[in-house]
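Chemist: sequence first, then the predicted structure:
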Amino acid sequence: MLRELLRQSNLPVDGKKARLITRLIGNSILAEKKINSEKVLVLSYDDRHNWGKLFLEEMKEIKGVNCSLFNTADEVPDAENVFVYIHPDHTINRENDRIIIEALQNHTKTTFMPTLKELFLYDEKIGQSKEYASWLPKTWFFTDFDCAYRQISLMDFPFISKSNEGAASSNIRFIADKRNAELELKTVFSEKGLPRHDNRKIGLVQQGYVLWQEFLPNNNNDWRVIMMNKKYAWVLKRHNRPNVPFASGSGNIEQIEKLNPMIEDILNFTLDFVNEFDYNFTGVDIVINKDGEYKLLETTTGWASPGYTECKVFIRNETGEWAPSIFKGKDQWLIAALSMDCLIKQKMDN
């Protein structure tokens with residue numbers, strides 16, 4: 001039946017079921033809205049992981065849509081018919097990718113996935129602490145030594161100290177007591193600064209600021225949620241490292257395959273966050289506070305592909321309820337293509 005529908009639409013019939021469904025849905029969206037797909041240009045950033053290329057391979061399943069890779073901001077027109085996917089780097093190419101992202105911030109007509117705001121705040125913990133203040137545990141940011149020193153006497157210990165950049169729990173420190181807090185503060189505001197970890201780049205330091213955050217105890221894990229276009233989502237349960245209460249980078253994970261009330265609550269919490277900022281491609285890390293409320297730790301825009309392969313992709317239906325789909329995490333690029341297809345439809349509707 002599925003292949004027959006594809007034949008009737010003059011579409012290829014090769015591939016697994018998930019790919020066939022993606023092909024059928026994607027092309028039917030454009031056909032339904034009578035969109036001249038030949039006038040649509042989809043650009044994808046040529047990142048070092050080749051994720052931009054993987055995305056375009058699936059995007060090309062959408063019949064007639066023009067697709068191309070790009071390497072610089074100058075290659076991205078600011079036009080209503082242009083749609084852009086970017087996966088930024090947080091390690092080797094971070095500085096170059098930041099230049100591109102900042103150069104694109106003045107685009108007002110082009111549609112981006114993730115949104116320009118999401119991209120700008122990616123791996124920027126200071127920026128996130130200001131923008132997402134009501135969603136985070138209590139957070140303090142100081143660029144003045146004396147102000148930070150006075151705050152120490154008001155802090156509950158332990159608490160978390162973070163550098164602005166870092167992934168997999170790098171550059172996150174567990175401050176156990178007042179003595180450790182004072183020592184870190186003096187080091188950060190010293191002439192040499194505090195060495196900042198990055199095994200790909202030696203000599204980085206944190207200097208002239210501290211970013212402190214309330215520690216939420218009794219969390220043996222966090223929850224990573226990937227949500228696209230407010231419709232597709234999957235969940236990873238990440239257990240803490242053996243020696244510190246941080247889950248990111250532990251490698252001890254559970255890929256969520258079944259929907260239950262708690263997973264629904266986590267998905268709806270993420271959806272509420274996404275709706276507030278009108279995001280379209282979001283990764284969030286979530287824990288629970290002492291009152292049983294969900295709290296956001298930080299956001300990301302990417303994923304470690306091997307970690308999500310068997311996660312069930314949940315789809316939000318027209319009544320706003322979440323339901324399991326035929327897709328899994330390994331179909332992430334199919335889902336990304338469907339999400340971009342929906343963004344094209346939404347743009348053309350307006």
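Modeler: Good, I have the coordinates. Numbering: from 1, shown residues only.

Chemist: so how far is W333 from E61?
Modeler: 10 Å (C-beta to C-beta, to the nearest Å). Using the backbone N, CA and C atoms, a C-beta is placed for each residue, glycine as well.

Chemist: looking at those two, which has the bigger crowd around it?
Modeler: Counted by other C-beta atoms under 10 Å, E61 and W333 do not tie: E61 has more neighbours, with 21 against 18.

Chemist: so where does the residue lying closest to F327 once chain neighbours are set aside fall, helix or strand?
Modeler: In space, and not counting its chain neighbours, F327 is closest to V313: 3.8 Å by C-beta to C-beta, 6 or more residues apart in numbering. V313 belongs to strand 312-316 when elements are defined using DSSP states H and E.

Chemist: buried stuff in the next helix or strand after that strand?
Modeler: For strand 312-316, the following helix or strand on the C-terminal side (DSSP H and E) is strand 322-328. Across strand 322-328, burial judged by 16 or more other C-beta atoms under 10 Å covers 322, 325, 327-328.

Chemist: which one of those sits closest to V42?
Modeler: Comparing the buried residues of strand 322-328 against V42 with C-beta to C-beta picks out F327 as the nearest, at 20.5 Å.

Chemist: my guess is the closest one contacts L334. True?
Modeler: Yes: with contact defined as C-beta atoms under 8 Å, F327 counts as touching L334 (6.7 Å).

Chemist: would you say T187 is within a helix?
Modeler: Yes: counting by DSSP: H, G, I helix; E, B strand; the rest coil, T187 is found in a helix.

Chemist: give me the number of neighbouring residues for it.
Modeler: 15.

Chemist: tell me the contacts of it?
Modeler: By C-beta atoms under 8 Å, 6 or more residues apart in numbering, T187 lies in contact with 193-194.

Chemist: can you give me the distance of it to P195?
Modeler: 9 Å.

Chemist: I figured the residue nearest to F327 hits K231, correct?
Modeler: No: V313 is not in contact with K231 according to C-beta under 8 Å; the separation is 10.1 Å.

Chemist: so D285 touches D222, yeah?
Modeler: Yes: counting by C-beta under 8 Å, D285 does reach D222; the two are 5.2 Å apart.

Chemist: find residues that contact each of these two.
Modeler: With C-beta under 8 Å, 6+ apart as the test, D285 and D222 both reach 247-248, 297.

Chemist: that older thread, which ones are touching the residue nearest to F327?
Modeler: V313 touches 232-234, 324-325, 327-329, 331, 335, counting by C-beta under 8 Å, 6+ apart.

Chemist: need the CA coordinates for stretch 250-262. CSV is fine.
Modeler: In CSV, the C-alpha atoms belonging to stretch 250-262 read as follows (Å, rounded to 0.1, in the frame of the first residue of the first chain):
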residue,chain,number,x,y,z
SER,A,250,29.3,9.7,31.6
GLY,A,251,28.6,7.3,28.8
ASN,A,252,26.1,5.5,31.1
ILE,A,253,22.8,6.0,29.3
GLU,A,254,19.4,4.6,28.7
GLN,A,255,17.6,5.1,25.4
ILE,A,256,13.9,5.7,26.1
GLU,A,257,11.8,3.4,24.0
LYS,A,258,8.4,3.6,25.8
LEU,A,259,6.1,6.4,26.7
ASN,A,260,5.0,6.7,30.3
PRO,A,261,3.5,9.5,32.5
MET,A,262,7.0,10.8,33.5
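
Chemist: can you tell me what sits against it?
Modeler: Here stretch 250-262 makes contact (C-beta under 8 Å, 6+ apart) with 169, 234-241, 263, 307-312, 314, 322-324, 329.

Chemist: what about burial for those residues, which qualify?
Modeler: 169, 234-238, 240, 263, 308, 311-312, 314, 322, 329.

Chemist: tell me which two of these sit farthest apart.
Modeler: Going by C-beta to C-beta, the pair spanning those furthest: S169 and W322, at 28.7 Å.

Chemist: might one say that E131 is in contact with L121?
Modeler: Yes: the pair E131 / L121 is scored as a contact, 6.2 Å apart, by C-beta under 8 Å.

Chemist: which of the two has more neighbours?
Modeler: With neighbours defined as other C-beta under 10 Å, E131 and L121 compare such that L121 has more, 23 against 16.
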